[in-house]
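*Asks:* Attaching a predicted model along with its sequence, questions to come.
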Amino acid sequence: MRNDAALAFLRSRRSVAAAQLQPPGPTRDQVRDIVATAIRVPDHGKLTPWRVVAFTGDAGARYGEALAALHARIDPGVPEKKLAKDRERFAHSPVVLAVIARIDEQHPKIPAQEQLLSAGCLGFNLLLAAQAAGFAAQWLTGWSCYDRAAAALLGLAENERAIAYIHIGNRGDEPPERNRPDVDAILGAWHG
Ligand SMILES: Cc1cc2nc3c(=O)[nH]c(=O)nc-3n(C[C@H](O)[C@H](O)[C@H](O)COP(=O)(O)O)c2cc1C
């Protein structure tokens, strides 16, 4: 059955820059609801190749501090501006949900790419669920997604990597809309 409310919601889907997010963010129960809603994602082979690590309260600020300290150790010449960015990003957002992809590279049937895409679906569904719950959100990544020492800060296993930090909060003023791709420019047809 056609669901006009759902279509209107999808057409209004958008991110709000993490720097613009304000408290209050979702409560612990709301975080659980957002995650419970978002985990209905396509998952070839039902491997559940993902999990979520939540930063609430002062956890984001502490993680940002730990990242900045790690950054300074890895690259002693890193400009202070970059260290400040490490700290502020996580300290500013009321709630951050890190999506952790758990990839079985040797799986006999399901290619690693499909497992990673399932984790990507979870990232996107978290954005949708957060917006549907009345919050604003943005998917950020950054160097820590690609660094094993940063992965250790998150307590990740060898086959795990952070693929998304979903920053969630209340949005302030209506941010400007960005240009969207033209559907006719990306929708083609196969002519044999
Ligand atoms: C995998 C992935 C990683 C991203 N990482 C960043 C990032 O680190 N910094 C950033 O400003 N935007 C990043 N973005 C883009 C924003 O999440 C978002 O798409 C952008 O602000 C446009 O907003 P929209 O979702 O309304 O189109 C990323 C998007 C994806 C899919």
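*Replies:* That came through, no problem.
*Asks:* Buried residues, the strand or helix carrying Arg73. List them.
*Replies:* Using DSSP states H and E, the element containing Arg73 is helix 59-74. Buried residues in helix 59-74, counted by 16 or more other C-beta atoms under 10 Å: Gly60, Ala61, Tyr63, Gly64, Glu65, Ala66, Leu67, Ala68, Leu70, His71. The way it works is simple: take the backbone N, C-alpha and C, and place the C-beta from them, glycine included.
*Asks:* Now the first one. Nearest residue, chain neighbours left out?
*Replies:* So that's Gly60. Distance criterion C-beta to C-beta, 6 or more residues apart in numbering; nearest residue to Gly60, sequence neighbours excluded, is Phe90 at 3.9 Å.
*Asks:* For the one you found, what are phi and psi?
*Replies:* Torsion angles at Phe90 (phi, psi; degrees, to the nearest 10) stand at phi -90, psi -30.
*Asks:* Burial check on it, number of neighbours?
*Replies:* Using other C-beta atoms under 10 Å as the criterion, Phe90 is surrounded by 27 other residues.
*Asks:* got the contact list for it?
*Replies:* Shown in contact with Phe90 (C-beta atoms under 8 Å, 6 or more residues apart in numbering): Phe55, Gly60, Ala61, Tyr63, Gly64, Leu67, Val96, Tyr165.
*Asks:* Swap in 6 Å and give it another go.
*Replies:* Applying C-beta atoms under 6 Å, 6 or more residues apart in numbering to Phe90 gives the contacts Gly60, Tyr63, Gly64.
*Asks:* And Ala98, by the same measure?
*Replies:* Ala98 touches Val53, Ala162, Tyr165, counting by C-beta under 6 Å, 6+ apart.
*Asks:* Can you give the distance of the helix or strand hosting it from its chain's centre?
*Replies:* Secondary structure from DSSP H and E places Ala98 in strand 95-102. Centroid separation between strand 95-102 and its chain, computed with C-alpha atoms, centre = their mean, to the nearest Å, is 6 Å.
*Asks:* Tell me what angle the top helix by length along the chain forms with strand 95-102.
*Replies:* When the chain is parsed with DSSP state H, its longest helix is helix 112-132. Per axes from the mean of the first three to the mean of the last three C-alpha atoms, to 10 degrees, the angle that helix 112-132 makes with strand 95-102 is 160 degrees.
*Asks:* what is the rounded mean pLDDT of helix 112-132?
*Replies:* In this model, helix 112-132 carries a mean pLDDT of 98.
*Asks:* Name the residues of stretch 149-161 that come out as buried.
*Replies:* In terms of neighbour count (16+ other C-beta under 10 Å), stretch 149-161 has its buried residues at Ala150, Ala151, Leu154, Leu156, Glu160, Arg161.
*Asks:* follow-up on the earlier one: extract the CA atoms of the strand holding Ala98 and return them as PDB.
*Replies:* Output of strand 95-102 as PDB, limited to C-alpha atoms (Å, rounded to 0.1, in the frame of the first residue of the first chain):
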ATOM      1  CA  VAL A  95      25.200  11.600  21.100                       C
ATOM      2  CA  VAL A  96      27.500   9.800  18.700                       C
ATOM      3  CA  LEU A  97      26.800   6.200  17.500                       C
ATOM      4  CA  ALA A  98      29.900   4.500  16.000                       C
ATOM      5  CA  VAL A  99      29.000   1.900  13.400                       C
ATOM      6  CA  ILE A 100      31.400  -1.000  13.600                       C
ATOM      7  CA  ALA A 101      31.700  -3.200  10.500                       C
ATOM      8  CA  ARG A 102      32.700  -6.800  11.400                       C
END
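*Asks:* No further queries at this time; thank you.
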